[in-house]
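Engineer: Prediction below, plus the sequence it came from.
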Amino acid sequence: MAVEAPSKHVFDYDDEDDDGPVVFKRSNTSSSKQNQLNSEVKKASSQRSDGQSGRQASSVRAPNGQNSVAQTNKSIPPSKSPPIRSPILSPKSSNSSSKASPVVSSKASTSFNDQSKQASKQNKFTAVKEEKSPIKCTDETNSDDDDDDDSKPLSARLKGISSQGNKGVSTSTPAQSQRFVPKIEVKGSAEDPDDDAPLSARFSTKSNTGTSSSKPYGSHEKKPLASKIQQNGSIMKVKQQKSSMLSDKRPLDKGNSSDQSYAKKPKISDTPTMMKTKQVTVKAEKDDEDDHIPISQRIKKSVSSVSKASSVKQKATKVVSSSFKKINKKSKKDMKKSKYSKSSKLSPSSGDGQKKWSTLVHNGVIFPPPYKPHGVKMLYDGRPVDLTPEQEEVATMFAVMQETDYMSKPQFKKNFWEDWSKLLGRNHVIKSLDKCDFTPIYEWHLQEKEKKKQMSSEEKKALKEEKLMQEEKYMWAIVDGVKEKVGNFRVEPPGLFRGRGEHPKMGKLKRRIRPCDITINIGKDAPIPECPIPGERWKDIKHDNTVTWLAFWNDPINPKEFKYVFLAASSSLKGQSDKEKYEKARLLKDYIKNIRAAYTKDFTAKDVTKRQIAVATYLIDKLALRAGNEKDDDEADTVGCCTLKVGNVECIPPNKLKFDFLGKDSIQYVNTVEVELPVYKAIGQFQTGKSKSDDLFDELDTSKLNAHLKELMPGLTAKVFRTYNASITLDDMLNKETKDGDVAEKVVIYQRANKEVAIICNHQRSISKSHSAQMSRLTEKITELKGLLKELKTDLDRAKKGKPPLKDADGKQKRNLTPEAIEKKIAQTNVKIEKMERDMQTKEDLKTVALGTSKINYLDPRITVAWCKRHEVPIEKIFNKSLLAKFAWAMDVDPDFRF
DNA sequence: TTACTGACTTGTTGGTACTTTG
DNA sequence: CAAAGTACCAACAAGTCAGTAA
């Protein structure tokens, strides 16, 4: 099955292997968590019927995103190496098979009782499926369309949203259709597979009514309002079933079966000594027998097993296979080198207060080199001034910023001067910033930059290597026996604070951080990292395994805040929580209809707080606004939903709202949207009697809002809506828009969907300096081509009459071509022009839109991976190396996975 | 109930390594 | 091959949100 990967795709992991002793193993960390969670849950979820959604209808959702098999093998490569590349080769074939067998998912978690934790692991393998198939969701009440809609983001439903504003672009929007009004339906469950189900099951939901009381759903109903309301017989039944199944609650954890996947990563244990001990013991929960098997083997195994066992899975595996191959190789190596130990099963659970790791070994952090004085003298009042190294260092920080627009901000200069003048001392010749001329230092800086640029590539390489050598030991940590990359092991160097927007503290000196500022968090048995600066020592050493940070220090700009050193995004700890995030968002899919119905109902509630909550929730859902926490006066003045000011929203009759405010990072959000009339009216009410700078939602803050959301769905908070709307939009667009075509065309489809999401989330970037130049160059080229076209047409006419072509611009005679040849050329030129015009259009469209942010933070990678598998698009076309590493947990998803 | 504290995610930017184009 | 363009990534700022203290 494994398809072979084109060589190109294969990574060479060799380099990475170096880390000697480490063993890779992947424990299934997940286990612990998962176990708890849910086997049962899963079932439950699967059962739900969601008659409604179109998707479900399709029924085939993969049983769960993950396959058991797949999971087992997690493709995650040993830490170092970038994960997987899996070109997905033959997806189709695989797919078919899988589809055919509806539910069998090997992995599906099954229902288990918590009791047997051990069992739990097994669960994965057991297939669960029964429920699914049988249940058809029929929800008569809703029409398919409706269903579909539900699953879509609100915005999609309403067309109103016009553009997002971006820097300036405002849009107006016409509304198209509004079908917003939620209906109450039964909430069906989607058939989702497995992974997700759990949460809901565990928690009880409350009724949606706004503030309402919540009743726990507990056992019986999974879904709230809706369900009750409209059920039809059939539906009801289903529900009931579900509910019954659900009944027990599990602890919240995040868990999902999902965790499983993690488990499989290979771990490396470096320091064999320490780690091993611990891990080994754990017994396995069985999850896998595989655990003890090295990854490579597992992978293979999985592949093979798949074939045997579940047809379903096969697909997935295949697709990914290529990547696996590589891995396999590697892993083999690893095997030789190392010994495998089993990791303890404790999985990091995200639950708070929960244990995140059992053993943690790392080498602390690395400090920036001490300041090297350059001796270049700045001028004061036209005369050179002597500065101490400390003074010069800060002067240089300022000098370097000459050409930035911070220089035009009085606040920046003021703050800088306050801090720098302190360093200069009272009696210094320099009395005012106005008479300072930093040009000599700035020029020195430019020269240095130039020198660096001019270095030969060998020199550069050598420097790089040296740096790497120094940093190597800090780059890795060993967490529960697995070698993981550390994210930011470099302590931030001193500098001038660059706040975004009109930050009141911009320009302040961010002082140098020293070891005595730093608190280290490390396993009890691990050696305490040596302090890299002789004669100094760490501020404190902790052994707190309920947190994931390796070190922190207080932010020098805002001492009550912290700067943490965490593991890299590719680590399993991060991956796990990432996965949980998406599972929560998927869960929202099952609740969204009711939630929308509930807040719609509350638009006209008598109680003002209730009404504000309803409207705020609507805005968060429809416009993907952020929650909007309160901010201090010493921060930039930006807002989110709960902190919107009256002046940020303008009512445009009959029912449009124009938003204009600065959001996170002082990015402007401008958007004119058509809203439901009750919302429009409510906003008007909230505004009356207030001044522009008053809070629009005076009764609200994020904790109240989130407390309310939590009543509607376990774990629900405002930001979940962003994740949900982003991912559902991607899933929806990809499935709707993808057509046959070559890979490049499919990639374009993906990018278009990605762009849509970026627009919804208002992810902006600044226009590149060369943008206009690039555009005019393109225009020029197009004009040129058009000229050529004209010429060709003339030639064509002449050729038809048997005349020779006209001379070209240089007066040379052109070759005599047949009319057919000329026609061909014309066609080619036309194609070229069209392509250029298209490129120009996209370039213009994307000039202020950043696609990366949503890809990194909002789009469930399983959607992408599954789509790639289904459409034979190599995943590398969509995810770069670091995303592949970050999303290693998603690589073995079933091709049928739908968000 | 509010105000902090703490931990962790999300977001833009700027430099640089890598590619493409002329 | 150099300049232009693009893709990546690290840096680090700025959010979210839970928990605890006041």
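Structural biologist: Noted; the coordinates are in hand.
Engineer: how about the strands of the stretch 401-550 of chain A, start to end?
Structural biologist: A:436-437, A:476-479, A:482-485, A:495-496, A:509-510, A:518-521, A:540-542 (DSSP state E, counting those that start in this stretch).
Engineer: Got phi/psi on A:G375?
Structural biologist: phi 80, psi 0 (degrees, to the nearest 10).
Engineer: ok, now which ones touch it?
Structural biologist: A:E392 (CB atoms under 8 Å, 6 or more residues apart in numbering). Quick note: C-beta positions are derived from backbone N, CA and C, even for glycine.
Engineer: Can you tell me how far it is from DNA strand B?
Structural biologist: 22 Å (CB to the nearest atom of the strand, to the nearest Å).
Engineer: I'd like the distance between that residue and DNA strand C.
Structural biologist: In terms of CB to the nearest atom of the strand, A:G375 sits 24 Å off from DNA strand C.
Engineer: likewise A:K355?
Structural biologist: A:K355 is 14 Å from DNA strand C, by CB to the nearest atom of the strand.
Engineer: per-residue confidence at that residue?
Structural biologist: On pLDDT, A:K355 comes in at 92.
Engineer: Excluding sequence neighbours, find me the nearest residue to it.
Structural biologist: Once flanking residues are discounted, A:K355 sits nearest to A:N545: 5.1 Å by CB to CB, 6 or more residues apart in numbering.
Engineer: Can you say which helix or strand has the closest residue to A:K581 other than its chain neighbours in it?
Structural biologist: Among residues not flanking A:K581 along the chain, A:T723 sits closest, at 6.2 Å (CB to CB, 6+ apart). Counting by DSSP states H and E, the element that carries A:T723 is helix A:718-737.
Engineer: what packs against the helix or strand that that helix is followed by?
Structural biologist: Using DSSP H and E, the next helix or strand after helix A:718-737 towards the C-terminus is helix A:743-760. Using 3 or more CB pairs under 8 Å, 6 or more residues apart in numbering; DSSP states H and E, the elements in contact with helix A:743-760 are helix A:718-737, helix A:852-857, helix A:861-871.
Engineer: before we move on, back to that, whether the helix holding A:T723 contacts DNA strand C - can you check?
Structural biologist: Yes: residues of helix A:718-737 contacting DNA strand C under CB under 7 Å from any atom of the strand: A:718-720.
Engineer: Check which residues of that helix are buried.
Structural biologist: Across helix A:718-737, burial judged by 16 or more other CB atoms under 10 Å covers A:718-735.
Engineer: repeat for stretch A:517-526
Structural biologist: Neighbour-count burial for stretch A:517-526 [16+ other CB under 10 Å]: A:517-523, A:526.
Engineer: before we move on, the earlier item: filter the buried residues of helix A:718-737 by proximity to DNA strand B?
Structural biologist: A:719, A:722-723.
Engineer: if we can go back for a sec, what would the helices and strands packed on helix A:743-760 look like in CSV with mean pLDDT?
Structural biologist: Listed next are the helices and strands packed on helix A:743-760 as CSV, based on pLDDT from 0 to 100:
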stretch, mean pLDDT
helix A:718-737, 96
helix A:852-857, 96
helix A:861-871, 96
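Engineer: Same list (those) but as JSON lines, adding distance to A:D634.
Structural biologist: Listed next are the helices and strands packed on helix A:743-760 as JSON lines, based on distance: least, CB to CB, whole Å:
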{"stretch": "helix A:718-737", "distance to A:D634": "24"}
{"stretch": "helix A:852-857", "distance to A:D634": "26"}
{"stretch": "helix A:861-871", "distance to A:D634": "37"}
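Engineer: Out of these, which is closest to A:F566?
Structural biologist: helix A:852-857 (15.2 Å; CB to CB).
Engineer: Next, the buried residues of that closest one.
Structural biologist: A:853-855.
Engineer: Lovely, talk soon.
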